[in-house]
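S.K.: 3D, please:
(one chain, ligands or ions: 1)
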Amino acid sequence: MIEVENLTKRYGPKTAVDGLTFTVEPGAVTGFLGPNGAGKSTTMRMLVGLDTPSWGTAKVNGRPYREHRAPLQEIGVLLEARAVHPGRSARDHLLALGATHGIGARRVDEVLDTVGLTEVARKRVGNFSLGMGQRLGIAVALLGDPHTVVLDEPVNGLDPDGIKWIRHLLKDLAAEGRTVFVSSHLMSEMALTAEHLVVVGRGRLIADIPVADLIASAKRGVHVRSPRTTELVAALRGDGVRITSVGGGVVDVVGLSSEDIGTRALEAGIPLYELTPQQASLEEAYTELTRDAVEYQGTTASLGEVA
Ligand SMILES: Nc1ncnc2c1ncn2[C@@H]1O[C@H](COP(=O)(O)OP(=O)(O)OP(=O)(O)O)[C@@H](O)[C@H]1O
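M.R.: Numbers count the residues shown, from 1 in each chain. The predicted model follows:
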């Protein structure tokens, strides 16, 4: 479990993380999303003791990272730019790390197998591709068989097979009851992997929400085609209803169900040729969410809005 309370990080005048409070529960993959510079990496660095909070606390499995006596067994971490001696083999790198925690060759070979690096385990890390380096980073994170796993952009550098592999790995780790906290820019990937999302913007919490609820909360329009859109707009207009003209006798209606629109059109004697509810993707739901919640947003009135 990860518990972050009022976590704040200032670099001089810059507030990178601004009073964040959230909890990441075990047994599910939780995605950590936010635009560039939102404070994700800084938050993760504070979680694992690489940065000191200006205020607030970040606890992993009940206590701050630095207070754990065997941190590798508590929290597995993949952060960007992990330093590995290029002349060392992957196996030697893991053996050296394991030695500081009483972890032996058997576990090292096990994690090399888990991440698919057994065949190149004795090759120099300096010759590894980006994807192989990423797999080695994940092997390091899993070495101590930790209760909690924190991965910053783990699909970076992985090919489609690698991405699929990471997706299954994260779900398996969560199904084993671990806490899995993973940052990503890829909404589509999170839709397939995460059950829960923590969304940040400008260092602040925007949402702490199940993926399914985020999709459901996005305003979905209904695509309506009619030869008499002007009369239709007049019949549908009302509080909380937003109607946008798409052109070609088509309007998008937000705030009314297909059933409501069909009934009102019938009552007004207006023929409808098409009535199609639009499904919001996670990407759209995320855009909608951040548009409402991000500060200092310029207003962009949508073109063609008619009611
Ligand atoms: N050591 C530092 N000194 C000064 N400013 C920093 C430092 N580290 C991060 N920042 C600033 O803090 C803000 C948050 O950065 P951070 O890297 O945590 O965001 P992020 O969400 O991980 O972004 P990205 O998705 O681009 O990696 C940014 O504006 C960044 O420039």
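
S.K.: residue ranges for the helices of the stretch 201-307 of the chain, please.
M.R.: For the stretch 201-307 of the chain, helices defined by DSSP state H, counting those that start in this stretch occupy the ranges 211-217, 229-236, 258-267, 282-293.

S.K.: Tell me which other helices or strands the longest one touches.
M.R.: Think helix 282-293. Packing partners of helix 282-293 (3 or more CB pairs under 8 Å, 6 or more residues apart in numbering; DSSP states H and E): helix 187-193, strand 196-201, strand 204-210, helix 211-217. No exception for glycine: its C-beta is placed from N, CA and C like everyone else's.

S.K.: Of these, which stretch is the most buried?
M.R.: strand 196-201 (a mean of 24; mean count of other CB atoms under 10 Å).

S.K.: List the neighbouring strands of that one plus their orientation.
M.R.: Note on strand 196-201: by DSSP bridges, its sheet partners are strand 29-33 (parallel), strand 204-210 (antiparallel).

S.K.: mind giving me TSV with those and columns for distance to Asn6?
M.R.: As requested, those are exported to TSV (distance: least, CB to CB, whole Å):
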stretch	distance to Asn6
strand 29-33	18
strand 204-210	11
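
S.K.: Quick one: closest of those to Thr263.
M.R.: strand 204-210 (32.0 Å; CB to CB).

S.K.: Which of the strands paired with strand 196-201 has the lowest mean pLDDT?
M.R.: Mean pLDDT per stretch puts strand 204-210 lowest among the strands paired with strand 196-201, at a mean of 93.

S.K.: So is that one next to the ligand?
M.R.: No: counting by CB under 6 Å from any ligand atom, no contacts exist between strand 204-210 and the ligand, the nearest distance being 11.5 Å.

S.K.: ok, and what's touching that strand?
M.R.: Applying CB atoms under 8 Å, 6 or more residues apart in numbering, the contact partners of strand 204-210 are 18-22, 34, 195-200, 214, 217, 289-290, 293-294.

S.K.: Quick one: residues contacting the one residue in the stretch 201-307 of the chain that gets nearest to the ligand.
M.R.: Relative to the ligand, the nearest point of the stretch 201-307 of the chain is Gly203 (6.6 Å; CB to the nearest ligand atom). Gly203 is in contact with 9, 15-18, 20, 38-39, 42, counting by CB under 8 Å, 6+ apart.

S.K.: Can you give the domain ranges for this protein?
M.R.: 2-210, 219-279 (automatic domain parsing).

S.K.: With respect to burial, which of the ones you listed scores highest?
M.R.: Of all the domains of the chain, domain 2-210 has the most neighbours on average by mean count of other CB under 10 Å, namely a mean of 18.

S.K.: How far does that one sit from its chain's centre?
M.R.: In terms of CA atoms, centre = their mean, to the nearest Å, the centre of domain 2-210 is found 13 Å from the chain centre.

S.K.: Show the end-to-end separation of it, please.
M.R.: 16 Å (CA to CA, to the nearest Å).

S.K.: what residue ranges in this structure are flagged as low confidence?
M.R.: Within the chain, the ranges that satisfy pLDDT under 70 run 81-83, 218-219, 292-307.

S.K.: Would you mind naming what in it lies close to the ligand?
M.R.: So far as CB under 6 Å from any ligand atom goes, the chain lies against the ligand at 11, 14, 16, 34, 36-42.

S.K.: now the strands: where do they sit in the stretch 101-250 of the chain?
M.R.: 148-152, 179-183, 196-201, 204-210, 221-225, 242-247, 250-254 (DSSP state E, counting those that start in this stretch).

S.K.: what helix or strand does the residue lying closest to Ala121 once chain neighbours are set aside sit in?
M.R.: Using CB to CB, 6 or more residues apart in numbering and skipping residues adjacent in sequence, the residue nearest Ala121 is Arg91, 4.2 Å away. Using DSSP states H and E, Arg91 falls within helix 90-99.

S.K.: ok, residues contacting that helix?
M.R.: Outside helix 90-99, the residues touching it (CB under 8 Å, 6+ apart) are 72, 84-85, 88, 103-105, 107-109, 111-112, 117, 120-123, 125, 128, 136, 139-140, 143.

S.K.: try stretch 113-123
M.R.: By CB under 8 Å, 6+ apart, the residues outside stretch 113-123 that reach it are 89-91, 109, 112, 128, 132, 135-136, 138-139, 142, 165, 169.

S.K.: In this structure Gly131 contacts Gly157, no?
M.R.: Yes: counting by CB atoms under 8 Å, Gly157 is a contact partner of Gly131 at 5.0 Å.

S.K.: before we move on, back to that, closest one to Gly240 out of the contacts of stretch 113-123, please.
M.R.: Leu169 (43.6 Å).

S.K.: dump the residue contacts of that closest one.
M.R.: Going by CB under 8 Å, 6+ apart, Leu169 touches 114, 138.
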